[in-house]
Structures are given as structure tokens and as C-alpha cells.
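Colleague: coords please:
(2 chains)
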Amino acid sequence: MDFLRPASWEEALAAKAEHPTAVPIAGGTDIMVEINFDHRRPEYLLDLNRIELLREWEVGEESVRLGASVPYSQIMENLREELPGLALASHTVASPQIRNRGGVGGNLGTASPAGDAHPALLAAGAEVEVESVRGTRLIPIDEFYKGVKRNALEPDELIKTVHVKKADGPQQYSKVGTRNAMVIAVCAFGLALHPETRTVRTGIGSAAPTPVRATAAEEFLNAALEEGGFWDNGRIITPSIAKQFADLASGACNPIDDVRGTAKYRRHAVGIMARRTLGWTWEQYRAGNGRTLEGAA
Amino acid sequence: MAQHTRAVPAGTPTDVTQKHTEGGVGASTLRPDGTLKVTGEFAYSSDMWHEEMLWGQALRSTVAHAEIVSIDTSEALAVSGVYAVLTADDLPAAKNYGLEFRDTPVLAYGKVRHHGEPVALVAADHPETARRAAAKIKVEYRELPLITDEASATAPDAVLVHEGRTDRHASHVPHPNIVHRQPIIRGNADEAAKRADVIVRGEYTFGMQDQAFLGPESGLAVPAEDGGIDLYVATQWLHADREQIAPCLGLPEDKVRMTMAGIGGAFGGREDISMQIMASVLALRTGKPVKMVYNRYESFFGHVHRHPAKLYYEHGATKDGKITHMKCKIVLDGGAYASSTVSVVGNASSLSVGPYVIDDVDIEAIGLYTNNPPCGAMRGFGAVQACFAYEAQMDKLAAKLGMDPVEFRQINAMEQGTLMPTGQVVDSPAPVAELLRRVKARPMPPERQWETAGEGADVRALPGGLSNTTHGEGVVRGVGYAVGIKNVGFSEGFDDYSTARIRMEVINGEAVATVHTAAAEVGQGGVTIHAQIARTELGVTQVTIHPADTHVGSAGSTSAGRQTYMTGGAIKNSCELVREKVLEIGRRKFGSYHPAWATAELLLQDGKVVTDGGEVLASIADVLEDEAVEIEEQWRHRPTEAFDLVTGQGNGHVQYAFAAHRAVVEVDTELGLVKVIELACAQDVGKAVNPLSVIGQIQGGTTQGLGVAVMEEIIVDPKTAKVRNPSFTDYLIPTILDTPTIPVDYLELADPNAPYGVRGIGEAPTLSSTPAVLAAIRNATGLELTKTPVRPEHLTGTL
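Modeller: Coordinates of the predicted model:
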């Protein structure tokens, strides 16, 4: 195994172009486990730790440009207001030590359905900025996940930043694991209210081959909220709407039975989390007189 | 924590003849290795290094039950940096070892009997080279039918896991796939059942728990010039290891010299041999030091686990709450090799009744040979599984009678003088009812704190914790109680002893003592306790604890809650002999100067010889001058007897220990997630030699019991007998967020037969913790819950 240590982003892109099989390593919290267990033995490791720009973030007018290597602990500390859903998701990532090392780039690169960041990115609406020596492109998050541990990257591309829309309404994130901390998701659910567009977006983790949105649930809820004038009158969402939303979210799952949980439980739990996170975000929305700027956490 | 309380009834004998010494018996002296362990500086057995050292690596079977058709090592041997590749054919002498039966191959020959069994060995100059070379060994298997449970094990045409058994239980077991069977019959359960107003039956399942100790198996074997071997290893019992290692190396025992290396924890998981023989064989073969270190994945295959069990119970009771009878059958899955299954069966059987008075019992416990992972010793040793079941039964009986579950237990609680089903009299304090009273009397933790905490509400206090799954929705509180009984020490006629060598001498004008034993420090606190006893008995401040090795006699195993009792007893005994010797020298030298030398009761205190009236006669330094006093003696507990193979009668146990728990849980009933809020424990410890250690042991045992209640289980695929979760990613143990407040209330009711009145403490809390948590979850959910660990699927009907 060769260890490539580019000093700059340009060198990194050149190295990736030259060695398309090279596996990028930043925090190493995922890839090192795979290497230690001999599950994977890449020809080249491409160390991105010398590239400062990957550890930077920038809060713009509309969105946050989040460097791929910004550790979860930084997101929790500094971006709670702008990215409340992702901040909540970051809280649930492994242990403090891992949160100090791991970042969103790793979750996206691995593209495991169990990655904690995915449901929050799906719900908030994000674009992944990837680059190669050939140029830069923005991949909408909805088009990023291609299969079990497969993403939309070309072999010569590296993840540079993630552009996440700043919260324009409450966001929530829930994850089920069989222990109260430091656990891989049995399933997870992210929900974001977008009062500006009067839409709701969702994300489901660990309950399908890829992270997915509960599209039918979103469409149903968007229509129901519009029809009932809920965005304007700020009424409590009726239990029947919440239930239908939860059922549709459950139906968006395509889970498996594995050592962490049954498919049946995953469907069930996603429904519960959908109903609860809807309740929490809507309460926050109402408390903000139709518009909350406080964020969810 | 301020909430720990301690009650010493007046007039309790504590057997301390020596007067108080700073840092002596009863003091909470601090562990010398505590800071090192917390800061990561402690040298574990995996941290050792030797010049010219090679690394050993085992290749393990990928299937659970198969004939080995062929092994081709040629490609592995061709790897540069490889010094040796060995299979069973290359072993120098005996091919098998084992704690109770010698049924475990060092390297599989003929067939493999479980997933992850060692098949071949590699020594190389780098661990990665050894690992890659091992991967190049080609093993051809022809798979055999799997034995995975009682039905498949005892079928008339069942394949035998071990053919041609010659062990001491082979002749009496009903089937060769049953390692051991221990019935206990007392009274007449069928007759007594006729008196019952209510009868409850239950089938219970206990999952396979891992010890999950810190510091995976590791050690260093150094070949010596005399053809022997020096072995540095983290184990629970050096001498029992040596007895098994020497025949496999073809060496006399005195050429196998063992020294204890840094141990993380053990919990029973280091009682069996792991890498000891493999590393030694490689070292003898290559003539170089060989180090072996399992990673966590290999560790899951490299040691035995807690026996998973099926338990079938029937109890009856009269309307006034008296238990009439109990019938049970306990089926323990011992896996592919016997390990300590025989003793686990004896324990499960003899303790299956719990700490209750039941005169009419019909008990049967069996241990199976299967192709599942081998199971053996783990904290609680057979008593844990039984306690989980009988305590569920107690709640069922109480509910059926409309009685309070604690009162019901108190009505039936055993006490000093009660007869065990084995006919043995419980002849020291057994404060079962009192322990229950104490946990019940505790104030309840406040309810629905998250609602009153306002802005300060913390999701971490709720089920799901950091995962933010509920803000109170679906959360229901439950409370449950349990109490258990555990034997202390090695039972059933085992000649159990420990040895202590005590040396007293004068260094720089000060009397100092050295304590040399072979006792393993696995976290139980020997490092403080051994010095404390020497200080008390010899009246010195400076005590050196010599590293444990085989240059001194056996200390027995650090298990069964026996080490403070046994090695503590041996140290006390040897110190008393040293003290006598010192006084004898004093009398010889100074007796003519003061009549008190002959007439008074003399003590050693603060480095001096004093009379019991406090008069100083001489300093120990003046008595000893250049002379050193050294004594090595064995010390035994009172003998026990084997259980009769038909009736189960016999004075089989040394001592009994009791603990009770009250669990308070909050369950998210919609998601099936559990947060244990508080696990209060009350326990009789006989005598707290080191109160701080006592509380640590009780809290640790309680937490390990909580783990198997709500998360810990090695999952074995019944179709393949392969382990599905051999890592800490998927074998979950409690984090600090899963660990509740554990208030401890300990009693010190001395056992007159034990040194200082001590009672083994490490295991009892592991028993009652699990059923208390289960009872609390049942209380919250109304579900029957007959399996542990409880998974979210069980609580939400989504299996």
C-alpha cells in the first residue's frame, strides 16, 4: 500500500487523477477500521490531512460551504444555528474522539446507508461539490447516493465541500440504536421545515440500500399543510395527518434484517421518529409565530 | 458518591487481633495502578517487547463443524519474513489441554468443532507478515452436520461432537453430547404441588454474554538456554495454566516459568488457556521469543463466553404466600469444548432455587456439547442464568397471589440455618429479607425530570439518550426487584488453597514486608488488599508486592469471588507465622530485659513490638537487625464435598453471598428503548477490607448485569453456528450514558469461617442486577419478556 501525501488541493487532484483507485483518508475513522480488519486493502491511500481548505467552512447568505474534513465536533459547536439538523446528527456520531476526527466528507465518500449525516443532508437540501483535474461540479444530494456504499463520484474526483442550505425553519434528527450513545444507527430520520418554500424535506438512514427521502410522505404533508392553511394559521397538525405522514415515511423504507435489527422494527421505528420529529419541528415553528429562526437544537 | 451507606451491627467479630495500622484492613487505600490505567500508561501484556522477537498468528476455522481434509502451508512458508508455519502435526507433545477435561486441541486435528477454532500457526518478523502468511494457508474442509441446541445434541442419531469420551462424567451422562448432568432431588415436589393454591410455569432464555475485558489475550514466550520457556502472560491462574502448558510442550513443569503480565480485566475469560501454548510452541520451534496479541475480533473467538441457557421452571405457592415446591430444568450450552461446563452445571443446579426456603424440589441441570462457541467461566458462573429465571418466577407468583413482590420474597427468604436443596446448612449470616428491605426503603429517583427541568432538560436523561428519539413521548417508568445467591470459592470437593510467601526484613533502619503470591490482579483489588493485610498483621507501613509468578506456590484462580478470602487468608496466615517468628527472635534477644516478653500478649505495631497494653518493648529493626524472616505456607478453606450424582446431596459450597437490587427504568414503549435510571444495590460483604474497592466491585458487577439485560449478546447464527457480531461495533456494552446511578448499601455481617469475616463480593451483584432490570421493564410495559437481553423488537412486537 502506498501512502500519498499531497501538500495542496491541486496536488491531491493530480494524485487522484494519476491513481484513480486511491482511497482518500482524512479522519480515518471509517477506512482505518476497514484496513485493520482486512476488509479492504487499497493500493493507495490518499492522505488529505495536509489540505487546510478541507477543514474550513464559510457561512454565506443562502448556504454554508462546509469543508469535507470539518470534524463533527466543530459542526456541533459552530454551526448549530445554521445547520441544526446536521448539528443534531453530529451529536449522535460515535464517541467524542471520533467526532473530533470524522467529518461529512467521510460519510459521503463511504456512502454507507448508516452514515449519520445523510438524513440531515437530505432533509436540509445539500449539494456536494466535487472536483477533479477536469473541473468542478455540484451534485445535488438527491442524486448522490447510487447504491449500497456507492456514490456519484467519478474515479478521479474528490469531495471538496458540501453546500448545505441554511435553515429557514426548524429541523430535527432522531436515530435509533440499542444503546444510549456510541452506536451505529439501526435507523435514523431527519426532518426539516422550509417555511420559505412552504415545504418539508426528510431523510431516512439505515432503512434502505441507500439514504433516501420519504418523498411520498413529503408530498402528502406539503399538500395537507397547504390545504389546511397550516403555514399561515399555525394550527396544531392533526393526529390523522401526522399518522398518515408517519405511515408514508415507514413505507419509504426498504430495510433488511441484520444483526442490528429487524426490517419490521426499522419500518416501525422510522414511522415513530417521523411522527415525533414532525411534532417537534411544528411546535418550534408555531412557537416562532409562524417562523422560527432559532433553529432546533 | 455520598449515597453509599454502610451498616456494621454491634458486636460483629472482625477477627483483627492486631491493632489499627495506617493503611491496614478496612482502609480505602488507593490502587497503585489506578492513575496509570486511566492515563493509558499502564503496561498491559500486549505492550511487551523483546529483542529479536517474532510475532505469532493463528489461522482460525471459517466453519463450525467439519473434517479437515487437508492443510497446505507451502505458500505461507514461502512468504519472506516467515520463520515457522505449524499445524497439529508439528506439535511437540500432548495435543490437547483443558480446565476440567483435556478435550481442547492446541491446533485442530481431524476436525474443527466451532467457528474460529485455531487450525495453524505462523511466526514471522512482523505482525502484518504473520497475518498475511496465515491467510495463505489453504485448509480444505468437509462440512459435518451441526449440533446447535438440546434437540440436535441429544437426538438418537446425533453426530457426536467428541467421540470416545473417557472423562470422569462420560459414564453417567444420558448422551455423549451432554458434558455433565446434575440432578438435585429433595422432599417430594409432586406431593408438595398438591398443596399449592397457585402454580406458575415459565420458559426462559439467557443469551450468550462476553466478558468484554480490557486488554485482549496477549503474551510473550521466551525460549531459555535450559530448553525451558519463560512465559509472560495475562491470566487468572498461573499454576493451572502451567499444568496444562507443560504437557503440550513436553517439558517438566519446572521448565515452564511463568510471570504475570499486565492484565486489563478477566471476568472469567482468562481462566482458560488462550495464546500461552501457541506462543510457546512457536518459541521452542524457532528458538526466538514470540509475542502473540489477539485483536478484539480474534478475542471474541479466543476465549469462552457465558453459557447461554434455556430454563424451564415451575413453582407453586399457597394463598398466604408460602412457596410449596419448585421444579426446574436448566440447559446450558457449553459449546464445542468442556472448559468449566461441569462446574457451571453444578452451580446452576445447586443454586437454582435462589435464596429461598423451598423444601420440595426436583432440579436438573445439564451442560451440552454443541458446535457453538465454547462457553465457560464468567462472573456469576451458572448462578446468573438461574437467578434470571427464578426471579421472574417470583414476580409471576406474587402477581398471581396479588402480593407485593418484595413482601412475597421476604416471606420465603432464606436465613442463617436454612437448608439448601443439597442438604447443606447455610451456617453464616444470610440477610436476604433485610437486603430487600434496604433497597425498597430507598427514596425513588424523581419522575419525569425532563418535564420539570425546563430549558435545562437533557435528552441524555431519556431513553435513546444522545440519539434524540424522545422528548418524553411514550416514556413509561417501571420498578423491579431481584435478589440472588452465589457460592464463593471453588466447590464440590475441590482441594482449594492459596500460598503466600511473606518476608520481613530491615531496610535502611525500617521494618518492611514483602508479599509474594501468584495471585492474578484482574481488577479485584489484590494490589491494595494484600498490602493492607500485611500492614495490619505485621505493624509495618512499607509493604512491597512482589510480581506474581510461578516461583511461589499456587494462589488458585482469581475467580469465584475467592481471592480476598483465599490469598487474603494465606497472607494473613503467613504473616501470623512471621509475626510469631519475629517475637520469638525478640524473646531470645531481649526476653531477659523485660518480663513482658514472656507474660504479655505482644503485637507488632508501627514498626515496634508492643504489649497489648501499649508498652513499647523494642523496635522490629532492633529485633531483626540483619536477619530476615521468610515464610511460605499454603492455606485452605474448610473442605467441601462433591454433589451426589443422583440426589445432588452434599456440602458442596464454601460460602454463600447475597445481593439485592432495585431497578428503576424508563422505557420508550413505542420505540422499545430503555434507560435504566437507577440500580440500587444492597449486599452483605462480611467485612469490607477496602471499602472503596467494595463499592467499585458492586458497581461494576451491577453494570455487567445491566449489560446483559438490555444489550449484550453474542449472536450465533443457528443455521451456520457462526458468530455474527464479533466486534465492539455490534457487541454492545454499556457506555457511561447507559450506566445509571448505583447507590450501594453494604452490610458487614462476618462469616466466622472466613479471614476477617470476609465474604466474596464480585459476583453476587451481577446476578440480581439483570432480573431487577427485566422486572422493571416488565413493570413498565406489561410484557412477559422471557429472554435476555431485551431488544427493541421484543418491546414493540417487531421481531
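
Colleague: from here on, contacts and neighbour counts on C-alpha atoms
Modeller: OK.

Colleague: if you average pLDDT over stretch A:90-105, what comes out?
Modeller: Averaged across stretch A:90-105, the pLDDT comes to 96.

Colleague: stretch B:718-727 now?
Modeller: Confidence for stretch B:718-727, expressed as mean pLDDT, is 97.

Colleague: number of nearby residues for the residue in the stretch 501-650 of chain B positioned nearest to chain A?
Modeller: With distances taken as C-alpha to the nearest C-alpha, the stretch 501-650 of chain B approaches chain A most closely at B:Gly523, which sits 24.9 Å away. By other C-alpha atoms under 10 Å in any protein chain shown, 19 other residues sit near B:Gly523.

Colleague: and B:Gly696, by the same measure?
Modeller: 16.

Colleague: now it: which helix or strand?
Modeller: Assessed by DSSP states H and E, B:Gly696 sits inside helix B:691-710.

Colleague: CA atoms of stretch B:353-372 as PDB?
Modeller: Taking only C-alpha atoms (Å, rounded to 0.1, in the frame of the first residue of the first chain), the coordinates of stretch B:353-372 have been written out as PDB:
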ATOM      1  CA  VAL B 353     -33.700 -22.500  44.000                       C
ATOM      2  CA  GLY B 354     -32.400 -19.000  44.800                       C
ATOM      3  CA  PRO B 355     -32.100 -17.500  48.200                       C
ATOM      4  CA  TYR B 356     -35.400 -19.000  49.300                       C
ATOM      5  CA  VAL B 357     -36.700 -21.700  51.600                       C
ATOM      6  CA  ILE B 358     -38.200 -24.500  49.400                       C
ATOM      7  CA  ASP B 359     -38.200 -27.900  50.900                       C
ATOM      8  CA  ASP B 360     -39.500 -29.900  48.000                       C
ATOM      9  CA  VAL B 361     -37.500 -29.600  44.800                       C
ATOM     10  CA  ASP B 362     -36.900 -31.500  41.600                       C
ATOM     11  CA  ILE B 363     -34.000 -30.000  39.800                       C
ATOM     12  CA  GLU B 364     -32.000 -31.000  36.800                       C
ATOM     13  CA  ALA B 365     -29.200 -29.100  35.100                       C
ATOM     14  CA  ILE B 366     -27.300 -30.200  32.000                       C
ATOM     15  CA  GLY B 367     -24.500 -28.800  30.000                       C
ATOM     16  CA  LEU B 368     -24.300 -29.600  26.300                       C
ATOM     17  CA  TYR B 369     -21.600 -30.200  23.800                       C
ATOM     18  CA  THR B 370     -22.500 -28.400  20.600                       C
ATOM     19  CA  ASN B 371     -20.800 -26.700  17.700                       C
ATOM     20  CA  ASN B 372     -21.500 -23.300  19.100                       C
END
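
Colleague: so how far is that stretch from its chain's centroid?
Modeller: Computed by C-alpha atoms, centre = their mean, to the nearest Å, the chain-centroid distance of stretch B:353-372 equals 19 Å.

Colleague: show me what contacts the residue in the stretch 551-700 of chain B positioned nearest to chain A?
Modeller: As assessed by C-alpha to the nearest C-alpha, chain A sits closest to B:Leu671 within the stretch 551-700 of chain B, at 5.9 Å. If you count contacts by C-alpha atoms under 8 Å, 6 or more residues apart in numbering or on different chains, B:Leu671 has them with A:Ala269, A:Ile272, B:Pro792, B:Leu795, B:Thr796.

Colleague: mind checking pLDDT for the third one?
Modeller: As summarised for this prediction, B:Pro792 has a pLDDT of 98.

Colleague: same thing with the first one?
Modeller: Predicted confidence (pLDDT) at A:Ala269: the value is 98.

Colleague: B:Ala461 too?
Modeller: The predicted local distance difference test score for B:Ala461 is 89.

Colleague: distance of the nearest residue to B:Ala84 once chain neighbours are set aside relative to chain A?
Modeller: The shortest distance from B:Ala84 to any residue that is not its chain neighbour, by C-alpha to C-alpha, 6 or more residues apart in numbering or on different chains, is 5.2 Å, and that residue is B:Ala123. When C-alpha to the nearest C-alpha, to the nearest Å is the yardstick, B:Ala123 and chain A sit 19 Å from each other.

Colleague: sorry, back to before: taking the contacts of B:Leu671, tell me the two that lie furthest apart.
Modeller: Spanning the widest gap among those are A:Ile272 and B:Leu795, at 13.9 Å by C-alpha to C-alpha.

Colleague: wait, what's in contact with the spatially closest residue to the residue of the stretch 501-650 of chain B closest to chain A that is not a sequence neighbour?
Modeller: Nearest in space to B:Gly523, with sequence neighbours left out and distances taken as C-alpha to C-alpha, 6+ apart, is B:Gly265 at 6.0 Å. Taking C-alpha under 8 Å, 6+ apart, we find B:Gly265 in contact with B:Phe213, B:Leu214, B:Gly215, B:Val522, B:Gly523.

Colleague: could you redo the last one with a cut-off of 6 Å?
Modeller: Residues counted as contacts of B:Gly265 (C-alpha atoms under 6 Å, 6 or more residues apart in numbering or on different chains) are B:Phe213, B:Leu214, B:Val522.

Colleague: repeat for B:His20
Modeller: B:His20 touches nothing, counting by C-alpha under 6 Å, 6+ apart.

Colleague: so which helix or strand takes in whatever residue of the stretch 301-450 of chain B ends up closest to chain A?
Modeller: Residue nearest to chain A within the stretch 301-450 of chain B: B:Phe301 (14.5 Å; C-alpha to the nearest C-alpha). Taking DSSP H and E as the definition, B:Phe301 sits inside helix B:296-302.

Colleague: now that helix: buried residues?
Modeller: Residues B:Arg296, B:Glu298, B:Ser299, B:Phe300, B:Phe301, B:Gly302 are the ones in helix B:296-302 that count as buried (16 or more other C-alpha atoms under 10 Å in any protein chain shown).

Colleague: how near is the closest residue to the third one other than its chain neighbours to B:Gly265?
Modeller: Distances taken as C-alpha to C-alpha, 6+ apart place B:Pro216 nearest to B:Ser299, at 5.8 Å, with adjacent residues excluded. Applying C-alpha to C-alpha, to the nearest Å, the value for B:Pro216 to B:Gly265 is 9 Å.

Colleague: do the same with B:Thr544
Modeller: Taken as C-alpha to C-alpha, the span from B:Thr544 to B:Gly265 is 22 Å.

Colleague: and A:Asn49, by the same measure?
Modeller: Distance from A:Asn49 to B:Gly265, counting by C-alpha to C-alpha: 36 Å.

Colleague: show me how chain B divides into domains.
Modeller: Per the record, chain B has its domains at B:5-30+B:497-636, B:45-144+B:217-293, B:305-491+B:642-796, by automatic domain parsing.

Colleague: which of those sits most buried?
Modeller: Among those, ranked by average contacts under mean count of other C-alpha atoms under 10 Å in any protein chain shown, first place goes to domain B:305-491+B:642-796 (a mean of 23).

Colleague: for stretch B:145-161, buried residues please.
Modeller: If you call a residue buried by 16+ other C-alpha under 10 Å, then stretch B:145-161 has these buried ones: B:Leu146, B:Ile147, B:Thr148, B:Asp149, B:Glu150, B:Ser152, B:Ala153, B:Thr154, B:Ala158, B:Val159, B:Leu160, B:Val161.

Colleague: list the contacts of B:Val685.
Modeller: Shown in contact with B:Val685 (C-alpha under 6 Å, 6+ apart): B:Leu747, B:Glu748, B:Arg759, B:Ile761.

Colleague: chain neighbours aside, what residue packs nearest to the second one?
Modeller: When the adjacent residues along the chain are set aside, B:Glu748 lies closest to B:Gly686, with 4.3 Å between them (C-alpha to C-alpha, 6+ apart).

Colleague: re the thing from before, could I get the contacts of B:Gly265 as TSV with distance to B:Pro446 and pLDDT?
Modeller: Supplementary listing: these in TSV, determined by distance: C-alpha to C-alpha, whole Å; pLDDT from 0 to 100:
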residue	distance to B:Pro446	pLDDT
B:Phe213	34	97
B:Leu214	35	95
B:Val522	37	96
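
Colleague: distance check, A:Tyr285 against chain B.
Modeller: Using C-alpha to the nearest C-alpha, one gets 17 Å for the distance from A:Tyr285 to chain B.
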